[in-house]
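Enquirer: give me a model of this one.
(chains A and B)
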Amino acid sequence: MDAYGQLVLRYQDVAVRTAYVVARDASEAEDAAQEAFVKAYRALDSFRAGSPFRPWLLRIVANEARNRRRSAGRRLNLAIRVAEDRPSSDAAPSVEAAVLAREASVGLAAAVAALGEDDRLVISYRYFFELSETEMADALGIPRGTVKSRLSRAMARLRTSLTDGDEPE
Amino acid sequence: MSERRNSTRHLSASSDADLEALLHQLGQSIAWPTADDLAARVRDRLGEGQPSGAVPPAARGRSLRIRGFGARGLGWSLPRSRLRRAVFLAVAAVVLVATVAVALRLGLPGIGITFGPLPAVTPTESPAPVGSPPSGLAPSPGPSVGASPASVGAALELGRLVTLDEAQAAVDWTVAQPSLDGLRAPAEIWLDGSGHTALVSFVWGAGTDRPAVPGSNVGLLLTQFRGSVRGDRLEKTLGPSSRVVPVIVDRERGFWIEGALHTVSYAVEGDGPGQDRVRLAGNVLIWTRDGLTLRLETAADKARALEVAASVR
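Expert: Modelled structure (predicted):
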C-alpha cells in the first residue's frame, strides 16, 4: 500500500480534475477519484506491466465519474483563479499561473465548459493535463488514429462556442 | 452584445497555435478542486475491505481544499458544509477585482497589472501647452528637456528630446522602430535615463491613421524599455471599466488594454521603485520583443495598434 500511496499522491490532482470535468461537481469528483483509486488498486492484476499508469487510471476515473454523476444539466464551472503577485524573479514563462487576462480567461473557460462531455474531456486531456496522443488514446479507449480527429472536432466546436459567445449559467 | 462575447469572438479568430497556447495557459489558471488526504482515505478504504462503491464513514464530512485563491497561494481547508459558500466567496473575489486591488501577473517580463480603483487625482497646476495630458493624471517626475512648447510630446515629460543616434548611443539595446509607411520617422524621439534602465519614446502627431488621443495632439506614443525578469517591473492600475485582452504580436504574447485611464509605474532593480506617470488617455498595447517591453498608446483601434506593433523591428 505504501507504494500505491505514492501513486495516489502523484496522480490525485489529475484524477480529481478529470472527474470534475466529467461530473461537473467538486464533491462528486472527489468521491469519484477516491473510488477510482480503490478500484484501480483492486484491478492491478489486469494492468498490463510496462504500460503507463496514468491513462489507465484516468479511464477508470472518468467511468467512475460518469457512474456517480447526479447533476444532469449542471454546467461545469471552470472558475479562474487570481494569481498571487509573485516576485519579478518568478516571471519566467514556465511559472505563469495567471497569464491570461481575466475576461478572456473567463470567456474561454466558459466556452470549454459549455461543450459536451466528450469534447470537454479530450480538450482537457490534451491542453489542461497535457497527455500525449498515445495516453489520450488509452484514457479515452479509442484508437490512436482517432485522437486527432476527435480533438479536431472538439476544437471546431469550441470555436463555434466562442463565436456564439456562450455565457456560463 | 456583452464585452465577454466580444472577447470570445476575438478568441475564436485566433490561429490554431494561438488558441492551443491559450488553452495551455488556461489550464494553469483554473481553480481546480483538490482533494486533501486522498491517499490516506484510499488506504483506509483498502484496509477496511469495504465493498466497492461504499463510502466509509470516516470520509463523510471531510474537507476539500481549494487552492489558488488568496495571496501567496494559501489554501483553505473547510468543512464540506462550508464549501459552496467558500467557492462563492472565491468567485466573488474574482468579480470584485475592480474594487479590491488584486495583482494579476500577465507573464510579460517585468510587467504586472493590478486591477483596482484609480489612484487619487492630482490635477495639473497650470494650463498645459499643446499635447498636455488630461486631468486625473499622476504627478510627473520633472519637466521635459530640450523641447519647445510646439513639440508634440513636450507636455508628456518623456525625458529629453534626442536624435535617433543619440538614443541608440545611450541605451544598451538596439532601438526598435515601426516599419510601416508613415511611421518610419517619428516626429520626436525622447530619452529618459540611460543604459539598461532607460526609456525611449517615439512620438507621432495626430494624422491619417493616427487619431489624436483625447486631450492631446499625439497620434501615437511608443515607449520601449528593457523588461528584466529579475527586477524591472511595470504596473498598471486599471479602473473598473478597463478591459484587458490577450493578443499575439509576432508570435509573442501581449495585452490590449482599453476603456479607462491608466496609471503607470515601474521599478528598476537597484534603484528602488520609481513612479512613471500617465502619458495619455488612450488605449494601450503592451508586448515584448527580443527582451524589450514595448508599450503603444493610441486612440486607434486594436487592429491598427496590432498592425503597428507587428511592424516594429
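Enquirer: what helix or strand is the most centrally placed residue in chain A on?
Expert: With distances taken as C-alpha atoms, centre = their mean, chain A has residue A:18 as the residue nearest its mean C-alpha position (3.6 Å). Assignment of secondary structure by DSSP states H and E places residue A:18 within helix A:2-23.
Enquirer: what about whatever helix or strand comes next after that helix, average pLDDT?
Expert: Taking DSSP H and E as the definition, the helix or strand that follows helix A:2-23 towards the C-terminus is helix A:26-42. Across helix A:26-42, the average pLDDT comes to 91.
Enquirer: next, the angle from helix A:26-42 to helix A:2-23.
Expert: Between the axes of helix A:26-42 and helix A:2-23, defined by axes from the mean of the first three to the mean of the last three C-alpha atoms, to 10 degrees, the angle is 140 degrees.
Enquirer: using PDB, write down the CA coordinates of helix A:26-42.
Expert: Included here for helix A:26-42 are C-alpha records, laid out as PDB according to Å, rounded to 0.1, in the frame of the first residue of the first chain:
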ATOM      1  CA  ALA A  26     -16.400  19.100  -6.900                       C
ATOM      2  CA  SER A  27     -17.800  16.800  -4.200                       C
ATOM      3  CA  GLU A  28     -18.800  14.100  -6.800                       C
ATOM      4  CA  ALA A  29     -15.400  14.500  -8.400                       C
ATOM      5  CA  GLU A  30     -13.600  13.800  -5.100                       C
ATOM      6  CA  ASP A  31     -15.800  10.800  -4.400                       C
ATOM      7  CA  ALA A  32     -15.200   9.500  -7.900                       C
ATOM      8  CA  ALA A  33     -11.400   9.900  -7.700                       C
ATOM      9  CA  GLN A  34     -11.300   8.200  -4.400                       C
ATOM     10  CA  GLU A  35     -13.300   5.300  -5.600                       C
ATOM     11  CA  ALA A  36     -11.300   5.100  -8.800                       C
ATOM     12  CA  PHE A  37      -8.100   4.700  -6.900                       C
ATOM     13  CA  VAL A  38      -9.700   1.900  -4.900                       C
ATOM     14  CA  LYS A  39     -10.900   0.100  -8.000                       C
ATOM     15  CA  ALA A  40      -7.600   0.600  -9.700                       C
ATOM     16  CA  TYR A  41      -5.800  -1.000  -6.800                       C
ATOM     17  CA  ARG A  42      -8.100  -4.000  -6.900                       C
END
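Enquirer: if we can go back for a sec, who's in contact with the residue nearest to the centre of chain A?
Expert: Counting by C-beta atoms under 8 Å, 6 or more residues apart in numbering or on different chains, residue A:18 makes contact with A:33, A:58, A:61, A:62, A:65, A:121, A:124, A:125, A:129. The way it works is simple: take the backbone N, C-alpha and C, and place the C-beta from them, glycine included.
Enquirer: that one and chain B, how far apart?
Expert: Taking C-beta to the nearest C-beta, to the nearest Å as the criterion, residue A:18 is separated from chain B by 10 Å.
Enquirer: which secondary element of chain B has the worst mean pLDDT?
Expert: Taking mean pLDDT, DSSP states H and E as the measure, the helices and strands of chain B show their lowest mean at strand B:63-66, namely a mean of 23.
Enquirer: can you show me the helices along chain B?
Expert: Using DSSP state H, the helices of chain B run over residues B:3-12, B:16-29, B:38-48, B:83-95, B:164-170, B:302-310.
Enquirer: lowest-confidence stretch among those?
Expert: Out of the helices of chain B, the stretch the model trusts least by mean pLDDT is helix B:83-95, with a mean of 34.
Enquirer: find the nearest non-adjacent residue to residue B:304, please.
Expert: The spatially closest residue to residue B:304, leaving aside those adjacent along the chain, is residue B:209, at 6.5 Å (C-beta to C-beta, 6 or more residues apart in numbering or on different chains).
Enquirer: the one you found and residue B:182 touch, don't they?
Expert: Yes. Distance between residue B:209 and residue B:182: 7.0 Å, which falls inside the contact criterion (C-beta atoms under 8 Å).
Enquirer: mind checking how far residue A:69 is from chain B?
Expert: The span separating residue A:69 from chain B equals 14 Å under the rule C-beta to the nearest C-beta.
Enquirer: ok, now which ones touch that residue?
Expert: For residue A:69, the contacting residues are A:22, A:23, A:24, A:25, A:28, by C-beta under 8 Å, 6+ apart.
Enquirer: can you do 6 Å?
Expert: Applying C-beta atoms under 6 Å, 6 or more residues apart in numbering or on different chains to residue A:69 gives the contacts residue A:23.
Enquirer: ok, residue A:68 next?
Expert: With contact set as C-beta under 6 Å, 6+ apart, residue A:68 has these partners: A:28, A:32.
Enquirer: between the contacts of residue A:18, which sits nearest chain B?
Expert: Using C-beta to the nearest C-beta, residue A:33 comes nearest to chain B of those, at 6.2 Å.
Enquirer: sort out for me which of the contacts of residue A:18 are in helices.
Expert: When the contacts of residue A:18 are checked against helices using DSSP H, the ones located there are A:33, A:58, A:61, A:62, A:65, A:121.
Enquirer: adding neighbour count, write the residues you listed out as a markdown table.
Expert: Formatted as a markdown table, the entries for the ones in helices among the contacts of residue A:18 read as follows, by neighbours: other C-beta atoms under 10 Å in any protein chain shown:
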| residue | neighbour count |
| --- | --- |
| A:33 | 32 |
| A:58 | 27 |
| A:61 | 31 |
| A:62 | 24 |
| A:65 | 28 |
| A:121 | 23 |
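Enquirer: need these in JSON lines with distance to chain B, can you?
Expert: As requested, those are exported to JSON lines (distance: C-beta to the nearest C-beta, whole Å):
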{"residue": "A:33", "distance to chain B": "6"}
{"residue": "A:58", "distance to chain B": "15"}
{"residue": "A:61", "distance to chain B": "12"}
{"residue": "A:62", "distance to chain B": "16"}
{"residue": "A:65", "distance to chain B": "12"}
{"residue": "A:121", "distance to chain B": "13"}
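Enquirer: tell me the angle the helix holding residue A:18 makes with helix B:16-29.
Expert: Computed by the same axes, to 10 degrees, the angle between helix A:2-23 and helix B:16-29 is 120 degrees.
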